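In: Okay, predicted coordinates and the sequence, questions at the end:
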Amino acid sequence: MEQQKDYFWVYIGGVVLIAGSVLFMVKSSEHEKYATASKAIAEDSSNSAYRDTAHYGIGK
């Protein structure tokens, strides 16, 4: 009887590679979303929910 080759570590490596790829894609997607928001805030900071409220005395 011939012994079959064990692919356990190949499967583990594939799962790790896929998980890393998914995390990278999600992180990249989130970065693009916030970069777009940051650009919009820079264009019109007076009409933004993210404006600096330090001069109003809020959040101290």
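Out: Done, it's in. Numbers count the residues shown, from 1 in each chain.
In: okay, CA-based contacts and neighbour counts for the rest of this
Out: Noted.
In: Show the pLDDT at residue 37.
Out: In this model, residue 37 is scored at 73, pLDDT.
In: nope, residue 51 is what I was after
Out: pLDDT, residue 51: 58.
In: next one: residue 3
Out: Model confidence at residue 3, given as pLDDT, is 78.
In: And for residue 44?
Out: Looking at residue 44, the pLDDT reads 70.
In: Could you do residue 60 as well?
Out: 48.
In: Please identify the helix or strand for the most centrally placed residue in the chain.
Out: What sits nearest the mean C-alpha location of the chain, by C-alpha atoms, centre = their mean, is residue 27, with 1.9 Å. In this assignment (DSSP states H and E), residue 27 forms part of helix 8-43.
In: Distance from the chain centre to that helix, please.
Out: Offset of helix 8-43 from its chain centre (C-alpha atoms, centre = their mean, to the nearest Å): 5 Å.
In: Likewise for stretch 30-47?
Out: Centre-to-centre, stretch 30-47 and its host chain are 16 Å apart (C-alpha atoms, centre = their mean).
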